[in-house]
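Enquirer: how would this look folded up:
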Amino acid sequence: MYCLDSHGIKLPLTSTKEYEPFLSIANFICSFLDNDNEQRVEITAECWFMTCKIYDKFVQLTRRLPLLRYHAGKMAQEEFLYEPKLLLHLNTHNIFAYIPENWLKDGFQLITDDISLLNIWEKFLAGSEYIFVFLTIHILHHCRVKLLSLYSTKEMTQYLTDLKIVDQANCEHIVIASIASWKKQGKSLLDFPPTHN
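Expert: Numbers count the residues shown, from 1 in each chain. Prediction:
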């Protein structure tokens, strides 16, 4: 339905892999909606509408991934001031230039605690793309022990691409720290430069 509605794609599709993030976002959104039988049609329509709108926002943001990578690298020089070994390791392997695209495509669902992720989405949907800069930084900080144990850019980027943070306390800590950094430093850097299509 999304393909036909938004992209005019002819069926049958040879692959739906490109739209796996759409399905992932849909599952996440619908899990929060009441699935009462009497309201099923209304709930299904609401889930469909919200999924399309939110997915499209993440698609637009993914097109600006180079900007997120740039700003994450820039802000890390301040955030990791007291983690010089980690900062040197990340810079040496140019990891900020390889922040995984799939993090943005599925709305950072590597944060598996639903409430924590909703707190981040709330900031994004209210207009702050820059919250993901700080979320990226604090995810990297959380993974510092593992990252420091890897000695090639390929290994590090593969680890980050496959990453899932499943412990609720870890998810909460990362999100709380990200929001605190965003509130502290994000005012002058809240928005990316406007894009011109």
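Enquirer: Buried residues of the helix of greatest length in the chain, list them for me.
Expert: Longest helix of the chain, by residue count under DSSP state H: helix 40-62. Neighbour-count burial for helix 40-62, counted by 16 or more other C-beta atoms under 10 Å, picks out 43, 47-48, 50-52, 54-55, 57-58, 61-62. C-beta: built from backbone N, CA, C; applies to glycine.
Enquirer: ok, now stretch 152-164?
Expert: Quick answer for stretch 152-164 (16+ other C-beta under 10 Å): 156-157, 160, 163.
Enquirer: Isn't Phe28 up against Thr112?
Expert: No. In this structure, Phe28 is not within contact of Thr112 by C-beta atoms under 8 Å, at 10.2 Å.
Enquirer: Looking only at neighbour counts, state which of these two leads.
Expert: Phe28 (18 against 14; other C-beta atoms under 10 Å).
Enquirer: in what helix or strand does that one lie?
Expert: helix 20-30 (DSSP states H and E).
Enquirer: and the direction of that helix versus that of helix 40-62, what angle?
Expert: Relative orientation of helix 20-30 versus helix 40-62 (axes from the mean of the first three to the mean of the last three C-alpha atoms, to 10 degrees): 130 degrees.
Enquirer: Lowest-scoring secondary structure element of this protein by mean pLDDT?
Expert: One helix or strand of the chain scores below all others by mean pLDDT, DSSP states H and E: helix 2, with a mean of 47.
Enquirer: residue contacts, the residue lying closest to Phe124 once chain neighbours are set aside?
Expert: Distances taken as C-beta to C-beta, 6 or more residues apart in numbering put Ile131 closest to Phe124, at 5.8 Å, once the chain neighbours are dropped. Applying C-beta atoms under 8 Å, 6 or more residues apart in numbering to Ile131 gives the contacts 120, 123-124, 178-179, 182, 186.
Enquirer: For Ile131, give me the pLDDT.
Expert: We note a pLDDT of 92 for Ile131 in this prediction.
Enquirer: Do you have the helices of the protein handy? List them.
Expert: 2, 20-30, 40-62, 65-79, 84-92, 101-105, 114-125, 131-142, 144-148, 153-162, 168-185.
Enquirer: Most tightly packed of those helices?
Expert: Neighbour counts (mean count of other C-beta atoms under 10 Å) averaged over each of the helices of the chain peak at helix 131-142, with a mean of 24.
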